[in-house]
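1. here is a sequence with its predicted model. Questions after.
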Amino acid sequence: MTINLDFNKNEDAMKMAISRIKQLKLKIEEGGGKKAIEKQREKNKLTARERIEYLQDAEKPFTEIGTFAGYGMYEEYGGCPAGGTVAGIGYVSGKQCVIVANDQTVKAGAWFPITGKKNLRMQEIAMENKLPIIYLVDSAGVFLPMQDEIFPDKEHFGRIFRNNAKMSAMGISQIAAVMGPCVAGGAYLPIMSDETLMVEGNGSIYLAGPYLVKAAIGENIDSETLGGAATHTEISGIADYKFKTEKECLDQVKKIMSKLGANSSAGFNKNKFIPPKNNTKNLYGILSEGNNSPYDMLGIVKCITDDSEFEEFKMDYGKTILCGYARIDGWAVGIVANQRLNIKNKKGELQIGGVIYNDSADKAARFIMNCNQKKIPLIFLQDVTGFMVGSRSEHSGIIKDGAKMVNAVANSVVPKITVIIGNSYGAGNYAMCGKAYDPRFIFAWPSAKIAVMGGEQAAKTLLQIQVASLKAKGKEITPEDENKLLSEIIQRYEKQTSPYYAAARLWVDDIIDPADTRKIISECLTAANNNNEIADFKTGVIQV
């Protein structure tokens, strides 16, 4: 009975967290707000989300990426919902593709630093998975108050056009539909795409707008004459098609997509899918609120795998990491997951769940190498507090075994998909294929926490440093002062470890409903299977 009560309590907490996500998404989907949307309507323009909805195949899924990009950021400028860009992986005329749409309701579609990061992420997804990419262009260009953070560096605005050129050389189709302004450096994006479509009266492309032209050379000219659809289809030859309405323009995009040839697939193994025996909704009741109680990760694995089957690798060795083969929606996968149960090893020593020990790191490294040998994609399920510390672990070579695992993850050539379920702390984040280790896709559950260490340890460490600093300056610190400082540190740290903080900065691609994990992994594997170029697996030097 206690177990059922705990499950129900956990389920209620998770459902509340999911409800919050849905409410925030509804707010984010309003973009710049109702007034800004009405202005779009007055110009006979659809919103970014309406454009994608019209373009996307109705019966197919659209996996949005970066929904929470910019969340809680740039508040001094009124915010930047979804990073000013709506984007994801969808289907157009039956072809899986990347779609990127500027949201003109957010500061006229201007590019904030996070906008650039999100657009680069979408191009990265297109390049890694050899997916066609469709740009729905409607942007005023760089957000000038923050130009120093978006313009000159390697991962800034100009990298977009470098990627245009690289993708073209890779044979990746790029289609640009210009439905609004396309100004200054941004004008290169549609012209570096394979085909450029423009909407009359609204679409415009130019290096400098009418006001700047007047200021620079004294010429008086209107926007349409300077760089409108007629100008670029009849005079400059820059654009390929012009249309009177946005829907006509999007219909032509569909026609272009319908004629694209198929890529050679990577050949990842896929069978007919079998639904899990365990209800995916059971995922809601496994983790406790705050994730402060041990649980069996095998229960989560069996909620997302076909027929709830999992062929465990080295079952009796390195038990704080589960490794094994399974299928997800028919796709053969290798799963690497942190076990959260506290377990005694053969020597009778207690191993704490969520911690990576020598033997578990050794096992995971071997399994990852096996999956690369067999061309099986890897799924990482993270709930990790880090590697084991202390003299016994150090003398046993935990750094060596950890390095072996990190080496295998870093050099892995098969697609890696990471889902952060709970904790993602310190070097455990790295070893379990965190963002720095190039997962093809990375998602977080509402229960995820990402940080260099756990909140309690971090807060106490920071408190000791601050108290020592204040005492060194001759200030007297009372117990009440210490408690106040500790409370402030914990609040700040909890905000920074939340999945929203991570998703806002694109450390993860999105926060997902746990019940959608299986479906989303399947879509990601479908995308990954488009790229048949898999390098030879090499690890270099590994200490054994």
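-> Here it is on my side, so go on.
2. now for the one helix or strand in the chain whose mean pLDDT sits lowest, which elements pack on it?
-> Ranking every helix and strand in the chain by mean pLDDT, DSSP states H and E puts helix 455-472 at the bottom, with a mean of 78. If contacts are counted by 3 or more C-beta pairs under 8 Å, 6 or more residues apart in numbering; DSSP states H and E, helix 455-472 sits against helix 479-497. Placement of C-beta: from N, CA and C, glycine included.
3. could you point out which element follows the helix it packs on?
-> Once the chain leaves helix 479-497, the next helix or strand it forms, by DSSP states H and E, is helix 499-504.
4. the following helix or strand past that following helix pairs with which strands, and in what direction?
-> The first helix or strand that comes after helix 499-504 along the chain, using DSSP H and E, is strand 510-511. Partners of strand 510-511 in the sheet, by DSSP bridges, are strand 441-444 (parallel).
5. next helix or strand past the partner strand?
-> Taking DSSP H and E, what comes next after strand 441-444 is strand 449-451.
6. list the contacts of residue 369.
-> 408, 537, 539 (C-beta atoms under 8 Å, 6 or more residues apart in numbering).
7. name the nearest residue to the second one, ignoring sequence neighbours.
-> With C-beta to C-beta, 6 or more residues apart in numbering as the measure, residue 372 is the residue that lies nearest to residue 537, at 4.0 Å, once sequence neighbours are left out.
8. neighbours around residue 382, how many?
-> 27 (other C-beta atoms under 10 Å).
9. mind checking the SS state of it?
-> The three-state assignment at residue 382 reads strand, by DSSP: H, G, I helix; E, B strand; the rest coil.
10. rewinding a little: so which of the contacts of residue 369 is the most crowded?
-> For the contacts of residue 369, neighbours were counted using other C-beta under 10 Å, and residue 408 has the most, 25 neighbours in all.
11. quick check: that residue touching residue 365?
-> Yes - under the criterion of C-beta atoms under 8 Å, residue 408 makes contact with residue 365 at 4.4 Å.
12. find residues that contact each of those two.
-> residue 542.
13. scan the protein for its longest helix.
-> In the chain, with assignment by DSSP state H, the single longest helix is helix 2-28.
14. in that helix, what counts as buried?
-> Across helix 2-28, burial judged by 16 or more other C-beta atoms under 10 Å covers 10, 11, 13, 14, 17, 18, 21, 24, 28.
15. now swap in stretch 365-379 and tell me
-> 365, 366, 367, 368, 369, 371, 372, 375, 376, 377, 378, 379.
16. same deal with stretch 306-325?
-> Result for stretch 306-325 [16+ other C-beta under 10 Å]: buried residues 306, 308, 310, 313-314, 318-325.
17. looking at these, which is nearest residue 39?
-> Nearest to residue 39 among those, counting by C-beta to C-beta, is residue 306 at 48.5 Å.
18. wait, that closest one touches residue 280, no?
-> No - the criterion here is C-beta under 8 Å, and residue 306 misses it with residue 280 at 11.9 Å.
19. could you check the angle helix 479-497 makes with the least confident helix or strand of the chain?
-> Helix 455-472 runs at 130 degrees relative to helix 479-497, counting by axes from the mean of the first three to the mean of the last three C-alpha atoms, to 10 degrees.
20. how far is helix 455-472 from where the chain is centred?
-> Offset of helix 455-472 from its chain centre (C-alpha atoms, centre = their mean, to the nearest Å): 33 Å.
21. in the chain, where is pLDDT below threshold?
-> For the chain, the stretches with pLDDT under 70 are 1-3, 455, 544.
22. do you know how far the residue of the chain positioned farthest from its centre is from residue 430?
-> The centre of the chain is farthest from one residue, residue 474, which by C-alpha atoms, centre = their mean lies 47.0 Å away. Separation of residue 474 from residue 430 (C-beta to C-beta, to the nearest Å) stands at 41 Å.
23. do residue 333 as well
-> According to C-beta to C-beta, residue 333 stands 21 Å off from residue 430.
24. quick one, which of the two is more surrounded?
-> A direct count of neighbours by other C-beta under 10 Å for residue 333 and residue 430 places residue 333 higher, at 26 against 20.
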